[in-house]
Structure formats: structure tokens, C-alpha cells
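**Q** output the structure for:
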Amino acid sequence: MAAHSLTVGFDLDMTLIDSRPGIKAAYEALSARTGTYIDADAAVTRLGPPLAEEIARWFPAEQVAEVCDVYRELYPSYAIADSLAMPGAREAVDAVRAAGGRTVVVTAKYEPNARLHLSHLDIAPDAVVGSLWAEAKATALREHGAGVYVGDHTGDVRGARTAGALSVAVATGPCAPEELRAAGAQVLLDDLTHFPGWLDRYLAEGDGEAGGAAAVAASA
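**A** Residues are numbered from 1 along each chain as shown. Okay, here's the model as predicted:
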């Protein structure tokens with residue numbers, strides 16, 4: 001693979017950022033605003049799918065869209081400052097750039113809020129696309145020519161496979177390693193601190209499956 005053809009996609013929540021503290025605070029603020037109980041501790045164990053799926057657990061169907069708008073309005077004030085970069089996140093993005101490649105963040109999160117997180121944490125991908133989940137992520141991955149997609153959820157694996165991209169899974173989110181493997185992840189890393197080394201092998205070998213096998217063995 002030529003370096004200039006390398007484009008790597010990354011998921012956001014629990015892949016590049018640990019947004020659990022901030023999202024918990026945002027849900028608590030939403031609960032206070034609406035007067036509706038939300039188990040924020042439980043909600044942050046289910047990060048990945050679209051916001052509406054979580055909101056539907058606590059509000060009637062006819063209120064979901066409106067409540068999602070309220071949550072997104074509250075989000076910048078409560079969720080950004082408390083969310084941290086995942087270990088190795090900046091280094092992973094930098095490793096792609098050092099190899100002459102491009103990075104694109106493809107996330108189910110509302111895009112303006114995703115951009116706020118990345119700016120706050122000084123993580124600078126070449127592009128950010130929000131409001132896409134699971135197989136729908138393939139649209140953005142294809143548009144940006146991503147040959148690799150890195151995520152923590154089985155939905156990310158499905159998005160990568162639908163796009164024809166190599167699925168690199170990190171076991172840092174709500175899905176166990178065996179779930180990620182069963183979903184079709186071709187590479188499994190403990191976390192992003194292992195990504196630069198894997199990327200070096202992947203580029204040197206020019207074979208995603210070979211690089212994936214080495215990465216799984218190294219992190220098992």
C-alpha cells in the first residue's frame with residue numbers, strides 16, 4: 001500500500017475519547033431540566049448507538065426527538081470539559097499522519113459536539129462526519145476512501161465491513177473482545193497504544209489480514 005493512499009477512519013466515543021464522565025453529567029442535567037429520572041451510570045455503559053435509542057428508554061416515543069434536541073443543547077456546557085482522550089488516541093492519529101495518510105472521524109454523535117470534543121482535546125483529524133451509526137458509517141468511509149476503520153463497538157465492525165474497509169477493533173468500549181471477533185473484526189487491539197506498532201506492520205507487509213493476525217497475537 002502506498003503511503004499517500006492511506007486513509008484511516010476512527011470512531012469517537014470510547015475509541016478516541018472517554019466521554020463517559022461528560023455524558024453522565026449531560027444526562028444528569030437533562031434529568032434535572034425535564035424532571036424525568038435517567039440512570040446516567042447505566043446510560044454510559046451503552047455508548048455507541050444513536051442518542052435516540054438511549055432517550056427512548058426514559059421518554060415516550062413522541063417526546064424523543066424533542067428531548068434529543070434539549071440534550072444536544074445542554075451537551076457543550078456539561079460534556080466537553082470532563083471528557084478525556086483515550087490512551088494512545090493522539091499518537092494513533094499522529095501515526096497515520098506520519099505515514100503520509102489521512103484520518104477521518106466517523107461517529108454517531110451530533111457532528112458539532114464531536115468537533116467540540118476533538119478541538120478541546122487537540123486531536124485534529126482531516127475530516128469529521130457525525131450522526132452515522134453501524135452500517136450507515138460505510139457511506140462516509142467510502143466517500144473518504146478509508147481502507148481501515150477503528151472502533152470499539154460491534155456496530156463499528158459492521159460499518160467497516162459494509163464499506164469494504166479493514167475492521168480494527170479496540171477493546172476499550174462496551175463490547176467484549178469475543179463480541180468484536182464474532183462480529184467480524186479482523187484486527188483486535190487492547191487499546192490505541194498498540195495502534196502505531198500495528199500500523200507499521202500493516203504498511204510494511206502490505207496485507208491487512210497478515211497485519212491483523214500479528215496484532216491479535218500480540219494483544220491476546
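**Q** how far away is R181 from A140?
**A** In this view, R181 and A140 are 24 Å apart by Cβ to Cβ, to the nearest Å. For glycine as for every other residue, the C-beta is placed from the backbone atoms N, C-alpha and C.
**Q** looking at the two, which is more packed in?
**A** In this view R181 and A140 are compared by other Cβ atoms under 10 Å, and A140 has more residues nearby, 23 against 17.
**Q** chain neighbours aside, what residue packs nearest to the more buried one?
**A** Spatially, and ignoring its direct neighbours in sequence, A140 is nearest to V129 (4.0 Å; Cβ to Cβ, 6 or more residues apart in numbering).
**Q** wait, what's in contact with the one you found?
**A** Counting by Cβ atoms under 8 Å, 6 or more residues apart in numbering, V129 makes contact with V104, V105, V106, T107, E111, A140, E143, H144.
**Q** do the same with Y37
**A** Residues in contact with Y37, defined by Cβ under 8 Å, 6+ apart, are S31, W58.
**Q** so what are the domain limits for the chain?
**A** In terms of domains, the chain is parsed into 3-18+84-219, 20-78 (source: automatic domain parsing).
**Q** for the ones you listed, give me TSV that also has mean pLDDT.
**A** Converted to TSV, the domains of the chain look like this (pLDDT from 0 to 100):
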stretch	mean pLDDT
domain 3-18+84-219	92
domain 20-78	98
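**Q** so which of those domains is the most packed in?
**A** Among the domains of the chain, domain 3-18+84-219 has the highest mean neighbour count (mean count of other Cβ atoms under 10 Å), at a mean of 20.
**Q** circling back: from the contacts of V129, which land in strands?
**A** Using DSSP state E, the subset of those located in strands is V104, V105, V106.
**Q** can you tell me how far A136 is from T107?
**A** Applying Cβ to Cβ to A136 and T107 gives a distance of 11 Å.
**Q** got it, and H120?
**A** For H120, the distance to T107 equals 15 Å [Cβ to Cβ].
**Q** sorry, back to before: of the ones in strands among the contacts of V129, which is the nearest to S83?
**A** V105 (14.1 Å; Cβ to Cβ).
**Q** what about the helices in the protein?
**A** Using DSSP state H, the helices of the chain run over 20-34, 40-43, 51-55, 64-78, 89-98, 111-120, 137-143, 154-163, 177-183, 195-205, 208-219.
**Q** mind checking which of those helices is nearest V170?
**A** Of all the helices of the chain, helix 195-205 comes closest under Cβ to Cβ, at 7.8 Å.
**Q** how far off centre is that closest one?
**A** Between the centre of helix 195-205 and the centre of its chain there are 20 Å (Cα atoms, centre = their mean, to the nearest Å).
**Q** ramachandran coordinates for D190?
**A** In terms of degrees, to the nearest 10, the main-chain angles of D190 are phi -60, psi -40.
**Q** what's the distance between it and L141?
**A** Counting by Cβ to Cβ - D190 and L141 are separated by 24 Å.
**Q** give me the nearest residue to S77, chain neighbours excluded.
**A** That would be A29: by Cβ to Cβ, 6+ apart, it lies 7.6 Å from S77.
**Q** hang on, that neighbour packs against E73?
**A** No: A29 is beyond contact range of E73, at 10.0 Å (criterion: Cβ atoms under 8 Å).
**Q** circling back: okay, the contacts of V129 in CSV with distance to V67 next?
**A** Formatted as CSV, these follow (distance: Cβ to Cβ, whole Å):
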residue, distance to V67
V104, 30
V105, 25
V106, 25
T107, 20
E111, 19
A140, 26
E143, 30
H144, 32
